[in-house]
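1. sequence first, then the predicted structure:
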Amino acid sequence: MYKRSIVAFLVGVFVLSAGIEGRADVIFDTRIRAMTHYVGHVLAPDGADTGAFVAIAVGPSPIKGSLEIAGYVCDGTPMGQFQYYRGLVPNDGGGALLSLSAETTLSVRVDKKTATGTIAISDGTSNTFTASRMTNGGGFYTVTLMPDGQIFGDQFRSRSRIRGRVASNGSVTTIVGEFIRIGGPVLAFDGLLDIVGEPGDYRLIVSDDGNIIGASHRPYIEQDSAAPGTTLRGQFTVR
């Protein structure tokens, strides 16, 4: 009985493995469920830095032949830029997504190291970006800032979490915390926030080189809903 069970198990594993489609143009292993995260600067048509950052999260989709992409553009300033994108693109790593506000279109192409593309605005302006793959805690996060200063959340559909505390002392606002990667190291960080909004839920862009940028949103309602003053922006150092 035990021998038959082992044989049946091995046959089942073989059938499951054989059912996973392999293609030469697939750049992500769809058996790995976590998303890959990229962060970079948004540049104006003349190449000048706009002050905004872009985060791209890419991962497998339940729809055969496609990838899921979540994108977020934010400059972390009141009355500034905040656009959210989510949808499916072909499995060759390229496609275009309309923002949930229907104000901009994100065209992106990703590979194992970078995500590049354009952000077309309704007025005809088209900004560009090159985002690098994050490996040191950076990425696209959804977090909650509590009234007592606690901040915590998860990297979007991935294996990293952030937790910490925001505290103000006069004109100085500090942030101290940890990046926690499931099955990996815990990275302690601390820094200063130039802008900090009211308690609530935020979409947050974190770069490996120490930038933190975000704006508030209403959870479970996937739309661009940041209000004036409900933003975060600062810099940190991993210890």
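-> Ah, there it is. No experiment lies behind these values; they were computed from the predicted model shown.

2. so how far is Ile195 from the closest residue to Thr36 other than its chain neighbours?
-> In space, and not counting its chain neighbours, Thr36 is closest to Val58: 5.1 Å by Cβ to Cβ, 6 or more residues apart in numbering. C-beta here means a position set from N, CA and C on the backbone, and glycine is covered the same way. Note on Val58: its distance to Ile195, by Cβ to Cβ, to the nearest Å, is 29 Å.

3. for Ala55, same thing?
-> Using Cβ to Cβ, one gets 18 Å for the distance from Ala55 to Ile195.

4. residues near the residue nearest to Thr36, how many?
-> Here the count is done by other Cβ atoms under 10 Å, and Val58 has 24 residues near it.

5. ok, now the one 10 residues further on?
-> Residues near Glu68, counting by other Cβ under 10 Å, number 17.

6. surely it and Val58 touch.
-> Yes. Between Glu68 and Val58 there is a contact under Cβ atoms under 8 Å: 7.4 Å.

7. list residues touching both of those two?
-> Among the neighbours of Glu68, those also in contact with Val58 (Cβ atoms under 8 Å, 6 or more residues apart in numbering) are Met35.

8. wait, what's in contact with Cys74?
-> 52-53, 80-83, 203, 205, 213-215, 231.

9. tell me the one of the residues you listed nearest Gly191?
-> Of all the contacts of Cys74, Ile213 has the smallest distance to Gly191: 12.2 Å, by Cβ to Cβ.

10. now that closest one: which helix or strand?
-> With secondary structure defined by DSSP states H and E, Ile213 is part of strand 211-216.

11. excluding chain neighbours, what is closest to the residue nearest the centre of the chain?
-> The residue at the geometric middle of the chain, judged as the C-alpha nearest the mean C-alpha position with Cα atoms, centre = their mean, is Phe140 (2.1 Å). For Phe140, ignoring the flanking residues on the chain, the nearest one in space by Cβ to Cβ, 6+ apart is Ala55 at 3.7 Å.

12. now Gly80
-> Taking Cβ to Cβ, 6+ apart, and ignoring the residues beside it in sequence, Gly80 has Thr231 as its nearest neighbour in space, at 6.9 Å.

13. now swap in Asp49 and tell me
-> Closest residue in space to Asp49, ignoring its immediate chain neighbours: His41 at 5.6 Å, by Cβ to Cβ, 6+ apart.

14. secondary structure element holding the one you found?
-> For His41, the host element (DSSP H and E) is strand 36-43.

15. outline the domain layout of the chain.
-> When the chain is parsed with automatic domain parsing, its domains come out as 36-133, 139-238.
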